[in-house]
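Asker: below is the sequence, then the predicted model.
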Amino acid sequence: MSQTDAGNLTHAEDHGAEHDAEQAGYKKSLNRRQVQMIAIGGAIGTGLFLGSASRLHSNGPALVLSYAFVGVIAYFLMRALGELVLYRTTSGAFVSWMREFFGEKAAYYTGWMYWTNWALTGIAELSAVGLYIQYWWPQMPTWATVLIALAVVLVVNLLSAKAFGEFEFWASVLKVTAIIVFLVVGIVVVAFSFDVGGHRAGVQNLWSNPGGFWPTGDGFAWYGPIIVMSGVVFAYAAIEMVGIAAGEMEDPKREVPKAVNAVIVRIAVFYCGALLLLVCILPTSEFTPGISPFVTVFGRMGMPWMANVIQAILIVAAMSSLNSGLYTTGRVLRSLGMAKQAPGFTLKMSRSGVPWAGIVMTAVVYVFGSILNAVSPDAFEIALEAASIAVVFTWGTIFVCQLRLRRLTDRGVLPPSAFRAPGTPWTSYLGLAFLVFVIVGMAISGWQASPYFWHKTGFVVVVIGIPVLLVIFELGWLIVKGRVAAQTEGRMLSKWTDSGLRYPPRPAGPRTESIAAIGTVQFDVHDRDEDDEDEGIPIGPVEIEMHEWDNLDEPDKNQPGDAAGPHEGGR
């Protein structure tokens, strides 16, 4: 390596420390079993348990290929994410990487787009819990269910990251157990060609299905299994949250590669395997939109009690999504807040390392959003489709950040990640091209969905919704731009050029900018006798509150009103 390259890498290490300030205050409390189940749970949700019914009904057995292809794209995404995580682990994830590689405005868009995704998705999941509960208690008011469900996940998130991980662990255990039970039963039923509701189970159903394996007539379109991929991608949404959770893992360098590499196997088994068995057991015309295909199959087998089990799993899946939404948005909002791109209160953290203010902010939006959903379901349906756009945007940021990171590491500007994505740059280019296809597919399928313009939801969101979102975010950027410029001292562009740092490193000095708004630093204090050789009698921990203006070397130069008192030890 040349002397110039060595100098660039040294600067890179120093410069990386500046970004790591946002990690201060978080606890490394997510252990191996929690991480692995979070990764599994992120890939199993209502998209499989419920949403697959309408897709099977409309596209036939070829839907298995649709899920498989999108699963490959999801794997490329996770490998790109893994390379970024092991380059620099941060709870700000995509927001922090976009800030480093593309500048403050790109980080602003990324953070608020991701928040929009989870805010709208969470509202939908919260409303869904109310409907699922009415399966057993039809007289139960939806508003009461919404408040109870939200209170449960809010308490879990406010306790600690470990509590979040434990909730996700058991939620994932339930979801995975249900799928495994179905896989075992399904394999036996198909292997021995059992009669299910008057239909003989077996692999022959793949081609003897009405319309064949890839239906093209009688109401089916030849491009159906291709266009449906634009909807299938949202069944895999949330797998990217491993990148945010990595900031609080005990050992992300060990756990992230394992979680990422296992994604393709989980998708192949839990999604493609389950769908393959479904179409081998019953003709796809038997699956009804709005009813879980698993409920349909078990009902035809004479086990209607499984409907109760699946209904419980749907509630678990929705609660898990809510839990994940609060967790991720709290951390993303704090990353935005540290850059003055979100309200200052989003910086607040509890002693257990939880960014509680951002979590509560999202929870409040959930409540108001649920009211909107009850008052105007049609309007909210459009808003929910807008969340789909935000998912596509987030996945796109992961691919472009990985491409930029790889370019900088290949040029020797940054040290290479310990977990490099294979096939780069082509796998990331393919991922980006697919995301463009998703947007086009949303518009096409949305146009075909209804003869009435405002009911063509996907088309309306793409053609009208995207420009509206851009205008809203651009207005927001104009509001915060001045504060961001002051915070960064005018360093608004990306941190790196193709040859090294864009801006000179900040001069070292006594001012502790890197611990701005972190919270408290704890020391153990002992009462020690000068003549005694032992460590003295422990008095207990003393917490010192740190602020970005603190001058630890010369306390007299602190800002007026914040000077260190004789008993505060420097504030």
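Answerer: Okay, I see it. Residues are numbered from 1 along each chain as shown.

Asker: mean confidence score for the host helix or strand of P467?
Answerer: Assigned by DSSP states H and E, P467 belongs to helix 466-488. What helix 466-488 shows for mean pLDDT is 93.

Asker: one more: stretch 356-374?
Answerer: The model assigns stretch 356-374 a mean pLDDT of 86.

Asker: with stretch 195-204 instead?
Answerer: Rounded mean pLDDT across stretch 195-204 is 90.

Asker: pull up the distance across that stretch, start to finish.
Answerer: 13 Å (Cα to Cα, to the nearest Å).

Asker: buried set for it?
Answerer: 196, 201-202 (16 or more other Cβ atoms under 10 Å). Quick note: C-beta positions are derived from backbone N, CA and C, even for glycine.

Asker: Throw these into CSV and include secondary structure, thanks.
Answerer: Shown next, in CSV, are those (DSSP: H, G, I helix; E, B strand; the rest coil):
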residue, secondary structure
V196, strand
A201, coil
G202, coil
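
Asker: for I133, what are its contacts?
Answerer: Neighbour list for I133: 140, 145, 315 [criterion: Cβ atoms under 8 Å, 6 or more residues apart in numbering].

Asker: residues near the first one, how many?
Answerer: The tally of other residues near M140 (other Cβ atoms under 10 Å) stands at 14.

Asker: now swap in the last one and tell me
Answerer: By other Cβ under 10 Å, 19 other residues sit near I315.

Asker: before we move on, what about the second one?
Answerer: Other residues near T145 come to 21 when the count uses other Cβ under 10 Å.

Asker: does T90 touch S96 like I think?
Answerer: Yes - counting by Cβ atoms under 8 Å, T90 does reach S96; the two are 4.6 Å apart.

Asker: looking at the two, which one has more neighbours?
Answerer: Between T90 and S96, counting by other Cβ under 10 Å, S96 is the more crowded of the two (29 against 26).

Asker: next one: the residue lying closest to A317 once chain neighbours are set aside from T110, what distance?
Answerer: Closest residue to A317 in three dimensions, ignoring its sequence neighbours and counting by Cβ to Cβ, 6 or more residues apart in numbering: G45, at 4.7 Å. As judged by Cβ to Cβ, to the nearest Å, G45 and T110 stand 23 Å apart.

Asker: what do you get for L150?
Answerer: Using Cβ to Cβ, one obtains 26 Å as the distance from L150 to T110.

Asker: the more surrounded of these two?
Answerer: For L150 versus T110, the count of surrounding residues by other Cβ under 10 Å is larger for T110: 29 against 21.

Asker: okay, and the more buried one sits in which element?
Answerer: Under the criterion of DSSP H and E, T110 resides in helix 104-133.

Asker: can you report how many residues lie near G186?
Answerer: By the criterion of other Cβ under 10 Å, G186 has 20 neighbours.

Asker: typed the wrong thing, it's S285
Answerer: Count around S285 with other Cβ under 10 Å applied: 13.

Asker: next one: phi and psi at it?
Answerer: Dihedral pair for S285: phi -70, psi -20, per degrees, to the nearest 10.

Asker: list phi and psi for the closest residue to it other than its chain neighbours.
Answerer: Spatial nearest neighbour of S285, excluding adjacent residues (Cβ to Cβ, 6+ apart): P210 at 5.2 Å. For P210, the backbone dihedrals are phi -50, psi 120 (criterion: degrees, to the nearest 10).
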